[in-house]
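Participant: Below are the sequence and a predicted model for it; my questions follow.
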Amino acid sequence: MPCDGEQMPSLAQVVAAVAPFRGFRLFVELKSDPDEALSSARTETLAEAVVGELRARNFVERTILVGFDWRGLAHAKRIAPEIICWFTTKQRSRAGAEAVKAGGGEGWFCAADRATADAVAAARARGLAFGVWTINDIRDMRRLIGLGVDAICTDRPDRLQMLLD
C-alpha cells in the first residue's frame, strides 16, 4: 500500500534486492512517451542511463527492457547488443509480432486484448518471446498460462504465484 513519504527505489537498489535470487529475470520499463513529438535525445539518454546502471551492477544479462517507445529500446540495442528487449504494444494496437521482429525486438509485450493463441503462434513463428501486461484477474492469468506465455505483468504477484505453485 502507498504511504506518505515513501520513496521509489533506485534501479541500483532494485538490482541489489533481486541479485541474490538465482534465475531471477528483472523487467525494466523505459518510461517515455512514444507519441511525444520530441527529438529522441531524451529517450536515448534514458536508455543510456539504464544500460549504464545495469552494466555497472553486472546485471545486463539478467534484465529484459520493455517499453512502448521503441526508439529507446532500439537505442539500447545499439549500445548494448547483448541486452534483451521486448517491444510493448498498446491496447487495440495494430502492431504485432511482425512489427516487433522488424523493429529488432526479441519479445512482444502485448496488452491483454491481443493475447490470443494466434498472437502467441505469430510471435513464436518469428522467434519472439511473448508476454502480457497488466493482468490481475486469476481467470485471465490461468488462461494466459494455458496459452504458454513467457511472462505476465501483474500488480498481484501473490495471485500469479498461487497459480504457478
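Facilitator: Right, received. Where do you want to start? Everything quoted here is computed from the prediction, not taken from an experiment. Numbering: from 1, shown residues only.
Participant: buried residues in the host helix or strand of Q161?
Facilitator: According to DSSP states H and E, Q161 maps onto helix 157-164. Residues R159, L160 are the ones in helix 157-164 that count as buried (16 or more other C-beta atoms under 10 Å). Placement of C-beta: from N, CA and C, glycine included.
Participant: Give me the helices and strands touching it, please.
Facilitator: If you count contacts as 3 or more C-beta pairs under 8 Å, 6 or more residues apart in numbering; DSSP states H and E, helix 157-164 packs onto helix 138-147.
Participant: ok, residues contacting whichever helix or strand comes after the helix it packs on?
Facilitator: Proceeding N to C from helix 138-147, the next assigned helix or strand is strand 151-152, under DSSP H and E. Strand 151-152 is touched from outside by 27, 64, 86, 107, 109, 129-132, 135, 141, 144-145, 160, with contacts defined as C-beta atoms under 8 Å, 6 or more residues apart in numbering.
Participant: Sitting in helices, which of the residues you listed do you find?
Facilitator: Mapping these onto helices (DSSP state H) picks out M141, L144, I145, L160.
Participant: Without its sequence neighbours, what residue ends up closest to R55?
Facilitator: A80 (7.2 Å; C-beta to C-beta, 6 or more residues apart in numbering).
Participant: which residues does the one you found contact?
Facilitator: Per C-beta under 8 Å, 6+ apart, neighbours of A80: V51, L54, R55, V60.
Participant: Report the distance from the helix or strand where the third one lies to the chain centre.
Facilitator: With the criterion set as DSSP H and E, the secondary-structure element containing R55 is helix 41-56. Between the centre of helix 41-56 and the centre of its chain there are 16 Å (C-alpha atoms, centre = their mean, to the nearest Å).
Participant: who does it touch, helix- and strand-wise?
Facilitator: By 3+ C-beta pairs under 8 Å, 6+ apart, helix 41-56 packs against helix 11-18, strand 63-67, helix 70-79.
Participant: Apply 7 Å and report the result again.
Facilitator: Contact here means 3 or more C-beta pairs under 7 Å, 6 or more residues apart in numbering; DSSP states H and E; on that basis helix 41-56 packs against helix 11-18, helix 70-79.
Participant: Identify whichever of those helices lies nearest to R92.
Facilitator: Closest approach to R92 among the helices and strands packed on helix 41-56 is made by helix 70-79 (17.3 Å; C-beta to C-beta).
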